[in-house]
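**Q** 3D model of this:
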Amino acid sequence: MAWFLVQTVYNQEKYAEVRPRHREFLQKLAADGVVGVGGPFGDDSGGAMLIQAEDEAALRKVLDTDPYIVEGALTDFTVQEFKPVLGSWVQ
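**A** All right, here's what the predicted structure looks like:
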């Protein structure tokens, strides 16, 4: 399994309306151990999530069901594989 950092840029006209469904989606994934952490940037221009998946193709399948993506609440997003090596939650 790999971790991926997903950074998003919000569609300012849509994201607030979709946010409750997006958060419900992430809460389910977090309960399953798929999302390590997620949240908006301080200026509400976008956000970031750490998501665990087998590979980038599997991650894309997860992202394709995110209400933010399905409902057009993002103008852009990027994906980078992330390799945690230290920190309180890394074992």
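**Q** what's the helix or strand hosting residue 9 packed up against?
**A** For residue 9, the host element (DSSP states H and E) is strand 2-10. Secondary-structure packing of strand 2-10 (3 or more CB pairs under 8 Å, 6 or more residues apart in numbering; DSSP states H and E): strand 46-53, helix 56-63, strand 74-82. C-beta coordinates here come from the backbone N, C-alpha and C atoms, glycine included.
**Q** the same query, at a cut-off of 10 Å, please.
**A** Here strand 2-10 touches helix 15-31, strand 35-40, strand 46-53, helix 56-63, helix 67-70, strand 74-82, going by 3 or more CB pairs under 10 Å, 6 or more residues apart in numbering; DSSP states H and E.
**Q** which among those is found nearest to residue 3?
**A** strand 74-82 (4.6 Å; CB to CB).
**Q** send me that closest one as PDB with only the CA atoms.
**A** Provided in PDB are the C-alpha atoms of strand 74-82 (Å, rounded to 0.1, in the frame of the first residue of the first chain):
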ATOM      1  CA  LEU A  74     -12.900  21.400  -7.900                       C
ATOM      2  CA  THR A  75     -11.200  23.400 -10.600                       C
ATOM      3  CA  ASP A  76      -8.100  21.200 -10.300                       C
ATOM      4  CA  PHE A  77      -6.300  18.600  -8.200                       C
ATOM      5  CA  THR A  78      -2.900  17.100  -8.100                       C
ATOM      6  CA  VAL A  79      -1.700  13.700  -6.800                       C
ATOM      7  CA  GLN A  80       1.800  12.900  -5.500                       C
ATOM      8  CA  GLU A  81       2.900   9.600  -3.900                       C
ATOM      9  CA  PHE A  82       4.000  10.400  -0.300                       C
END
